[in-house]
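Undergrad: quick one, fold the following:
(one chain, ligands or ions: 2)
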Amino acid sequence: MRSPVGTTLRRGRASDEGPALPEGSPPPVLVVEGLTVTLGGREVLKDVSFNLHAGELAGLIGSNGAGKTTLLRAVLGLQGTAAGTVTLSGRRDHGSLGYVPQKVSLDPDLPVRARDLVALGIDGQRLGVGLHSSSRRARAEELLSSVGALHLADARVGALSGGEQQRVLIAHALASKPRLLLLDEPLANLDLRSTQETVSLLAGLTRSHGVAVLVSTHDINPLLPFMHCVVYLAGGRAASGRTAEVVRSDVLSRLYGQHVDVLHAHGRVIVSVGDEHRESGCELAPDDCAEEGQPA
Ligand SMILES: Nc1ncnc2c1ncn2[C@@H]1O[C@H](COP(=O)(O)OP(=O)(O)O)[C@@H](O)[C@H]1O
Ligand SMILES: [Mg+2]
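TA: Ligands and ions are numbered 1, 2, ... in the order given. Presented below is the predicted three-dimensional model:
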């Protein structure tokens, strides 16, 4: 990762925060360079730059309205940009990106089983030249198995818990064998156990599938033990690099343009910006944190 605020990503070694990065220096899967997005006459993202390699898990961190969804949409090619480039390694086609959007509402009565939803992802990339049903069934089960959800194959997706739905949606997103998996607030509305299981699953996928994962969240803490690097958004700008090199008082003070304290307590990080006390972007006051999962 390259940071506009001067941090440098070092590879192949463990550090105080987060796991060691994969060894070697293959070309990045994703390079975002000078990305600027204007919405409603306002620069929502300003000169955002970072890159992401195969096998890396990166947190896209920012409070509500910081621009996380906008950045992911720009990477997907769904959002027009005022300046900058988004470059994916190799071909840019349907299969190169997997995406789990921020809000997926599945009606409990929807007569769609988990295996059906995953199979849609398998067929989607073949445009009519579908797999034989036995092959498709086997592939859907393989994908469900890879996210620990094979036992849910015949359950209606709308009837599953939030954590179970996330697993099925991740299996669906993996169906095209993407090199890059984007997830927008997948931890919102999950209980603590499901949150930990989902983050652990994503970390496992970086190892087993070699996929690069970019996951947005307003709370950095669940990702801390697993993520290799961070893209921290504030005021439309980004700081990126290894967690320990970005989530620091001097780096975040430069990013926010005002003094920021970074406190470590009981294995958690608390980011205190000016008079506000945020837990990595989510203000600690219960009412404010209740915004979790609300539309941005
Ligand atoms: N279509 C739009 N027109 C104008 N402003 C928008 C539009 N979409 C998003 N925004 C604004 O852009 C900012 C970033 O939004 P978003 O990327 O959804 O933030 P996040 O996902 O971090 O909560 C917010 O201030 C939001 O209100
Ligand atoms: Mg969002």
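Undergrad: okay, and the residue of the stretch 51-200 of the chain found nearest ligand 2 sits in which element?
TA: Ranking the residues of the stretch 51-200 of the chain by distance to ligand 2 (CB to the ion) places residue 69 first, at 3.2 Å. Every residue, glycine included, has its C-beta placed from N, CA and C. Following DSSP states H and E, one finds residue 69 within helix 68-76.
Undergrad: before we move on, what about residue 186?
TA: Going by DSSP H and E, residue 186 is not in any helix or strand.
Undergrad: got a list of what it touches?
TA: Residue 186 sits next to 100, 166, 169-170, 198, 202, 215, 217 when contact means CB atoms under 8 Å, 6 or more residues apart in numbering.
Undergrad: farthest-separated two in these?
TA: 169 and 217 (15.7 Å; CB to CB).
Undergrad: what residues does the helix or strand that contains residue 117 touch?
TA: Following DSSP H and E, one finds residue 117 within helix 114-124. Residues outside helix 114-124 that contact it (CB under 8 Å, 6+ apart): 94, 130-131, 136-137, 139-141, 143-144, 149, 152-155, 157, 160, 168-169, 171-176.
Undergrad: now restrict these to buried residues only.
TA: Taking 16 or more other CB atoms under 10 Å as the criterion, what is buried in those is 136, 139-141, 143-144, 149, 152-153, 157, 160, 168-169, 171-176.
Undergrad: what pLDDT does residue 174 get?
TA: What the model reports as pLDDT for residue 174 is 94.
Undergrad: packing partners for the longest helix along the chain?
TA: Longest helix in the chain, counting residues (DSSP state H): helix 192-208. Here helix 192-208 touches strand 57-61, helix 162-174, strand 180-184, strand 212-217, going by 3 or more CB pairs under 8 Å, 6 or more residues apart in numbering; DSSP states H and E.
Undergrad: for residue 46, which non-adjacent residue is spatially closest?
TA: In this structure, residue 46 finds its nearest non-sequential neighbour in residue 236, 4.3 Å apart by CB to CB, 6 or more residues apart in numbering.
Undergrad: would you agree the one you found is in contact with residue 38?
TA: No. With contact defined as CB atoms under 8 Å, residue 236 and residue 38 do not form a contacting pair (10.0 Å).
Undergrad: what do those two both touch?
TA: When contacts are counted by CB under 8 Å, 6+ apart, the set common to residue 236 and residue 38 consists of residue 44.
Undergrad: cheers, nothing more for now.
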